[in-house]
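J.: Predicted model, plus sequence, below.
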Amino acid sequence: AVDDYEELLKYYELHETIGTGGFAKVKLARHLLTGEQVAIKIMDKLTLGDDLPRVKIEIEAMKSLSHQNICRLYHVIETPKKIFMALEYCPGGELFDYIIAKDRLAEEEARVFFRQIVAAIAYVHSQGYAHRDLKPENLLIDAEHNLKLIDFGLCAKPRADIWSMGVLLYALLCGFLPFDDDNVMILYRKIVRGKYEIPKWLSPGSVLLLHQMLQVDPKKRIMVKHLLNHPWLMHGDSFAVQWQSKYPLGHLDEDCITELSVFHKCSRESMADVISEWKYDNVSATYLLLQSKKAHGKPVRLRIPSLTAD
Ligand SMILES: CN(C)C[C@H]1CC[C@H](N2C(=O)NCc3cnc4ccc(-c5cc(Cl)c(O)c(Cl)c5)cc4c32)CC1
């Protein structure tokens, strides 16, 4: 249905499909005003069926999550038949494929990635959410080799992510899962039994941390706040994990407001008021993509629409 794409094509140039999620297709696109690449997650409401509430949950959660290790939502467009989400593009693909390609990661590289995962989860929990679907497929690698958490379709208010982070750390360090089986009942029994293989290459520090995270009894598991300055994460001269967001929603960037207010021929105050409404329309997308350009050392400049008509 071309008319469903009419609104999207006002603001983006669509390119090839770069991936498929469970009930979504993800296409590469370019935001016309800023020239920045984005990933457009395209969902058909009819085929979504009972999964529609899950998409609404993901959208509401992502609107309030602004963090350097969480895939940023820029724009939401809903038409009679489709839902489009313009998201931060991550050219490095899935962490899952990265681990497979390298067989397993050295402890130093695993530590750098795991600190980013702990920062993302500490931030998500500070906003009152739990991701609840943490796995290597849901962590993408951006252009600067940083991790970005995606797929908040299962997130909810309670907190339940520590054990999953233990499985993630095990996968980073070992290249395979601590509990695995094709038969789901056998897998379930392995999980509740809580016993897993400890390969010879694991350091004593990592064995201890895994033990503290993979406790079957939730009450015995380490808490996120104790992870932030855990000896394994602080190994060497590293400092505690800085989990706070570098881009809090409440703080607006002056340069981006200036460029937008000049472009829209309005005052900086009224531009700041419009941005602060966070409608996740093209104003939100343009502001966030200008902020991203600035963070990557690119000029905070918009393109004149007539020149983008080519
Ligand atoms: C669980 N897996 C199978 C799902 C796949 C879906 C395609 C993904 N993908 C690529 O395949 N190539 C490159 C690529 C680049 N930038 C992306 C940015 C955002 C998302 C994204 C974000 C959210 Cl929040 C979300 O919910 C979903 Cl489904 C996708 C995917 C990207 C991507 C990788 C994970």
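T.: Right, received. Where do you want to start?

J.: Smallest gap between the stretch 1-150 of the chain and the ligand, at which residue?
T.: The ligand sits closest to G19 of the stretch 1-150 of the chain, with a gap of 2.2 Å, by CB to the nearest ligand atom. Yep, even glycine has a C-beta here, placed from its N, CA and C like the rest.

J.: Identify the residues contacting that residue.
T.: K25, V26 (CB atoms under 8 Å, 6 or more residues apart in numbering).

J.: mind running it again at 6 Å?
T.: Residues in contact with G19, defined by CB atoms under 6 Å, 6 or more residues apart in numbering, are V26.

J.: and what of the one 4 residues further on?
T.: F23 makes contact with L48, D51 under the criterion CB under 6 Å, 6+ apart.

J.: Would you mark the buried spots in the strand or helix carrying K294?
T.: Assigned by DSSP states H and E, K294 belongs to helix 282-295. For helix 282-295, a neighbour-count test (16 or more other CB atoms under 10 Å) marks N282, V283, S284, A285, T286, Y287, L288, L289, L290, Q291, S292, K293 as buried.

J.: That one close to the ligand?
T.: No. Counting by CB under 6 Å from any ligand atom, the ligand has no neighbours in helix 282-295; the shortest distance is 12.9 Å.

J.: Next, count neighbours for the residue lying closest to L134 once chain neighbours are set aside.
T.: Counting by CB to CB, 6 or more residues apart in numbering, S164 is the residue found nearest to L134 once chain neighbours are left out, at 3.7 Å. Residues near S164, counting by other CB atoms under 10 Å, number 19.

J.: Help me confirm that A86 is found in a strand?
T.: Yes. Under DSSP: H, G, I helix; E, B strand; the rest coil, A86 sits within a strand.

J.: so for the top helix by length along the chain, what's the average pLDDT?
T.: When the chain is parsed with DSSP state H, its longest helix is helix 107-126. Helix 107-126 shows a mean pLDDT of 96.

J.: and the helix or strand that it is followed by, how far out from the chain's middle?
T.: Next along the chain after helix 107-126, taking DSSP H and E as the criterion, comes strand 139-141. Centroid separation for strand 139-141 versus its chain: 7 Å, with CA atoms, centre = their mean, to the nearest Å.

J.: Tell me the first helix or strand C-terminal of strand 139-141.
T.: strand 147-149.
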